[in-house]
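Asker: Provided below for reference: sequence and predicted model.
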Amino acid sequence: MKPRIINRIRQYGLVLFLFCITSQVFASPQIHPGAENMESYLSLIKGKRVGLLVNQTSIVKNIHLVDTLNKLGVNIVCILSPEHGFRGDVDAGSVVEDDTDSKTGISVISLYGASKKPSDEIMQQLDIVIFDLQDVGVRFYTYLSTLHYLLEAAAENDTEVIILDRPNPNGFYVDGPILEPKHRSFVGIYPIPVVHGMTLGELAQMARGEGWVDSTGKVTIIPCSNYTHDSLYQLPVKTSPNLPDMTSVYLYPSLCFFEGTPVSVGRGTRFPFKVYGHPEMKGHSFTFTPRAMPGAQNPPQKNCTCFGTYLGKVSEEDLLSGEVTFKYIIDAYKDFNNTSQFFTPYFEKLTGVDYIRQMIQEGKTAEEIRSYWLPDIERFKKMREKYLLYE
């Protein structure tokens with residue numbers, strides 16, 4: 001189902017649409033993430049040995065959760081760090097090293113290095129782990145997998161988990177192929193659609209309820225206030241180096257499939273996840289050249305001129321269409337000189353299924369491909385109903 005705001009566009013036109021978008025932007029401060037509901041969890045951590053699984057998005061009214069709790073005298077034993085690191089400036093896929101927070105002196109333990117699961121040694125030093133990461137609502141965004149391994153380790157070591165829930169900026173729709181178990185990986189941990197329309201708190205409930213993770217551990221979810229799945233939530237802090245704004249966040253579910261091809265999505269440029277291109281795609285007039293830069297030290301097609309398409313000016317209606325599409329992949333595939341070299345094995349880790357590569361090679365349209373997974377989406381929506389925390 002397409003989001004309610006799209007129907008308003010069609011009924012009343014651009015003027016009302018712009019009013020609705022403006023209203024949503026100004027309404028965003030009224031949405032309070034779970035971290036701001038401190039009266040609901042401070043009593044739970046008083047006198048406890050606490051670990052924090054956090055990064056640069058873990059803020060409470062513009063102050064980092066670590067600083068907030070440290071000032072309140074909470075016994076923070078360690079900080080656990082996901083992909084992109086505690087400060088959120090490490091390249092995608094790059095190993096995150098253990099460190100010490102220079103401001104507080106607290107040990108920072110990487111969960112994106114030699115191990116992605118907290119060790120028994122670490123968990124046995126903790127009574128509670130607080131999880132507070134801003135997600136973007138896409139299956140292959142790895143904060144969900146990090147949460148999964150935390151829940152596993154916590155259940156095995158009788159450590160309580162408190163999830164400070166945050167809004168999902170892509171929470172207004174559900175779409176995309178559902179992961180098949182044989183393609184399970186760190187970029188696809190659960191059998192859910194590419195865009196699942198749930199918060200991480202809701203997904204934790206689903207994972208425990210469906211038996212995807214041990215449900216014997218104690219988990220407390222501190223929900224957001226004033227958030228619904230119709231909300232167009234504007235991220236106050238970018239979640240990773242290459243998702244700099246809401247346009248890239250909205251395009252990400254459909255463009256990330258290019259990571260399973262040689263085609264660049266603009267890492268190492270000023271507009272990551274707003275373009276796609278390759279040196280061999282000579283049918284396009286737009287060009288860009290990826291360079292080494294903070295957050296993208298070794299981007300695909302580094303220092304090569306890429307021909308492709310710029311999507312930074314795509315219409316708001318298309319951005320908020322409520323659909324995952326393979327039209328960009330199909331466009332690039334048709335214009336690629338050597339199609340036998342277009343797909344890599346990583347493509348199936350991202351799509352989660354075998355049939356999409358085959359359908360593209362057979363010349364199917366994006367609409368034909370999407371129609372293939374729509375019945376699965378309806379079944380998933382029914383399954384998730386009992387786990388939703390928000391309207």
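Answerer: That came in fine, so what should we check first? As the structure is a prediction and not an experimental result, all values here were calculated from the model. Residues are numbered from 1 along each chain as shown.

Asker: quick one: distance of stretch 332-350 to the chain centre.
Answerer: Relative to the centre of its chain, stretch 332-350 is centred 23 Å away, using C-alpha atoms, centre = their mean, to the nearest Å.

Asker: and that stretch, average pLDDT?
Answerer: Mean pLDDT, computed over stretch 332-350, is 94.

Asker: spell out, range by range, the helices that occur in this structure.
Answerer: Per DSSP state H, the chain carries helices over the ranges 4-12, 14-27, 42-45, 65-71, 120-123, 143-157, 200-209, 246-255, 316-319, 327-334, 346-351, 355-361, 366-384.

Asker: neighbouring contacts of the third one?
Answerer: Residues lying outside helix 42-45 but in contact with it, judged by C-beta atoms under 8 Å, 6 or more residues apart in numbering, are 69, 72, 74, 128, 130, 160, 162, 220. Where you see a C-beta, it was placed from the backbone N, CA and C, and this is true even at glycine.

Asker: of those residues, buried ones?
Answerer: Burial by neighbour count, judged by 16 or more other C-beta atoms under 10 Å, picks out 69, 74, 128, 130, 160, 162 from the contacts of helix 42-45.

Asker: the residue nearest to the first one when sequence neighbours are not counted and residue 115, how far apart?
Answerer: Of all residues not flanking residue 69 in the chain, residue 76 sits nearest, at 6.2 Å (C-beta to C-beta, 6 or more residues apart in numbering). In this structure, residue 76 lies at 21 Å from residue 115, with C-beta to C-beta, to the nearest Å as the measure.

Asker: ok, now residue 71?
Answerer: From residue 71 to residue 115 the distance is 31 Å (C-beta to C-beta).

Asker: neighbour-wise, which of these two wins?
Answerer: Between residue 71 and residue 115, counting by other C-beta atoms under 10 Å, residue 115 is the more crowded of the two (13 against 10).

Asker: show me where the protein has strands.
Answerer: 50-54, 59-60, 63-64, 76-81, 99-100, 107-110, 128-132, 160-164, 175-178, 193-195, 219-222, 275-278, 286-288, 306-310 (DSSP state E).

Asker: mind checking which of those is nearest residue 257?
Answerer: Nearest to residue 257 among the strands of the chain is strand 193-195; the distance by C-beta to C-beta comes to 8.7 Å.

Asker: what is the burial count for residue 30?
Answerer: Residue 30, neighbours per other C-beta under 10 Å, totals 10.

Asker: in stretch 273-286, what's buried?
Answerer: Buried, per 16+ other C-beta under 10 Å, within stretch 273-286: 273-281, 284.
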